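Colleague: Have a look at this prediction, sequence included:
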Amino acid sequence: MKIVKRTVASTVLVFSSLTMVACGSFGGGSRSDFNGRFYAGVGGLVSQLEPEENGVTAFSVDETISGGGTLALGYDLSSRFSVEGHVSSLGEATFEPDGNISYTTAGLSALVYGLNGQRNRNRREGFSLFGRLGVGALENEAEVVPFEQVNDVHLLAGIGAEYGLRNGLGLRLEAVSHDIDILLGRAALVYRFGSAGPRSRPAARIPTPAPAPQAPTAETGSTSTLLITDATPLDSDLDGVLDTDDQCNTTPAGTPVDSDGCEFFTGVIDGIVFDSGSDVLTLESRSILGEVVDVLTQFPQARISIAAHTDAQGPGSDNLELSKRRAIAVTRFLVEQGIDGSRLSPEAYGETQPIQSNDTPEGRAANRRVEFDLL
């Protein structure tokens, strides 16, 4: 009995490599607001294990489908690339009339992310596809069945999808081929430690309306015409950002966007803070909120939520009350600047939704925040 590689693994390897190249062709490189983070993952898997009988007549493979679990530890190197170590128990192949061979693997992989926007890749949020390519080692244990292990060090490749939440938690589904008779599908939860960085946004890019056609003139009777040629830059979603620069080129019409063509109101706008322990906005905060007023004025149909959060210092009930006063203070300021209060929805969460540890000054500062989201 031998544990050897089959051609199906090479086929999946080639297909996965092409997918990784395709993923790498979408979007640009890393941006300066990327924060590298460690992450851990745990999950379950279903495996197909096919040891080669190689002319052995005393034993025959009975069951090749099995199940197991996997653990992973990785680090996000850039908006596109991560490196990951992993160990998996793949279950066992059983034989007639008796016996089994169990499989355990450990390896190191590179992951390439693509097919989502630059900002979401930076933060590992939202939906994305990824390709995996790495090297692994196999360990087998047998009961009753004699076997010979061939190619215990092997290549592995896979393709998968991941959906990340703002709190660092994500769900992965992927298919992986090990170049030694192993195909598997697995589902895993991953958690990224630390902060992905502030959700600050560049100043909004206000759409520039196209010039209206001129009326016929008495002198010439001609009409001014806008000619569209192959050289005319396109703005498919009419948000004022050309498709060549637009990272979110399906933004709904009328949505406030930043210089990347992505929604402006999707989280923390950096610099909005209060005097310590109070709901009094600092002068710098009022200046930044003035920019929010400008955007809301330019987009009169936009409605936003204003969610205030605190750190965990002090009683939880006091922190909840403080966050209420702060959400109302921001709302009141915007109304005083002429924004209709019906467009604003203040929300308070106190200390219940930290984005960093409250054990450090930096973490507490990050947790004291105001988030803006489009309704």
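Modeller: Nice, I can see it.
Colleague: Okay, now the unreliable bits of the stretch 251-375 of the chain?
Modeller: Within the stretch 251-375 of the chain, the ranges that satisfy pLDDT under 70 run 259.
Colleague: Just the element for residue 108, please.
Modeller: Here residue 108 sits within strand 100-114, counting by DSSP states H and E.
Colleague: Kindly export that strand (C-alpha atoms) in PDB.
Modeller: Backbone C-alpha positions of strand 100-114 (Å, rounded to 0.1, in the frame of the first residue of the first chain) are rendered in PDB as follows:
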ATOM      1  CA  ASN A 100      -7.300   2.100   8.300                       C
ATOM      2  CA  ILE A 101      -4.700   4.800   7.500                       C
ATOM      3  CA  SER A 102      -5.000   8.200   9.200                       C
ATOM      4  CA  TYR A 103      -3.800  11.400   7.800                       C
ATOM      5  CA  THR A 104      -2.400  14.500   9.500                       C
ATOM      6  CA  THR A 105      -0.800  17.500   7.600                       C
ATOM      7  CA  ALA A 106       1.100  20.700   8.600                       C
ATOM      8  CA  GLY A 107       2.200  23.400   6.300                       C
ATOM      9  CA  LEU A 108       2.900  27.000   5.400                       C
ATOM     10  CA  SER A 109       0.900  28.900   2.700                       C
ATOM     11  CA  ALA A 110       0.700  32.300   1.000                       C
ATOM     12  CA  LEU A 111      -2.700  33.700   0.400                       C
ATOM     13  CA  VAL A 112      -3.600  36.300  -2.300                       C
ATOM     14  CA  TYR A 113      -6.800  38.300  -1.900                       C
ATOM     15  CA  GLY A 114      -8.800  40.000  -4.700                       C
END
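Colleague: buried set for that strand?
Modeller: Neighbour counts over strand 100-114 (16 or more other Cβ atoms under 10 Å) mark 100, 101, 102, 103, 105, 107, 109, 110, 111, 112, 113, 114 as buried. C-beta: built from backbone N, CA, C; applies to glycine.
Colleague: For stretch 348-368, what is the distance to the chain centroid?
Modeller: The offset between the C-alpha centroid of stretch 348-368 and the centroid of the whole chain comes to 21 Å, using Cα atoms, centre = their mean, to the nearest Å.
Colleague: now do stretch 308-320
Modeller: When distances are taken as Cα atoms, centre = their mean, stretch 308-320 is centred 29 Å away from the chain's centroid.
Colleague: Same check on stretch 332-346?
Modeller: Between the mean C-alpha point of stretch 332-346 and the mean C-alpha point of its chain there is a distance of 32 Å (Cα atoms, centre = their mean).
Colleague: same check, this time on stretch 102-111
Modeller: A distance of 23 Å separates the centroid of the chain from that of stretch 102-111, by Cα atoms, centre = their mean.
Colleague: Start and end of stretch 92-106, how far apart?
Modeller: Distance between the boundary residues of stretch 92-106 (Cα to Cα, to the nearest Å) amounts to 16 Å.
Colleague: quick one on the thing from earlier: closest to residue 306 among the buried residues of strand 100-114?
Modeller: Distances from residue 306 to the buried residues of strand 100-114, taken as Cβ to Cβ, are shortest for residue 113 (31.7 Å).
Colleague: unless I'm mixing things up, that closest one is touching residue 130, no?
Modeller: Yes: counting by Cβ atoms under 8 Å, residue 130 is a contact partner of residue 113 at 4.8 Å.
Colleague: Do you have the helices of the stretch 151-300 of the chain handy? List them.
Modeller: 283-298 (DSSP state H, counting those that start in this stretch).
Colleague: measure residue 298 to residue 253 for me?
Modeller: To residue 253, residue 298 is 14 Å away according to Cβ to Cβ, to the nearest Å.
Colleague: So for these two, which sits in the more crowded spot?
Modeller: The residue with the greater number of neighbours, taking residue 298 and residue 253 and applying other Cβ atoms under 10 Å, is residue 298; the counts read 12 against 9.
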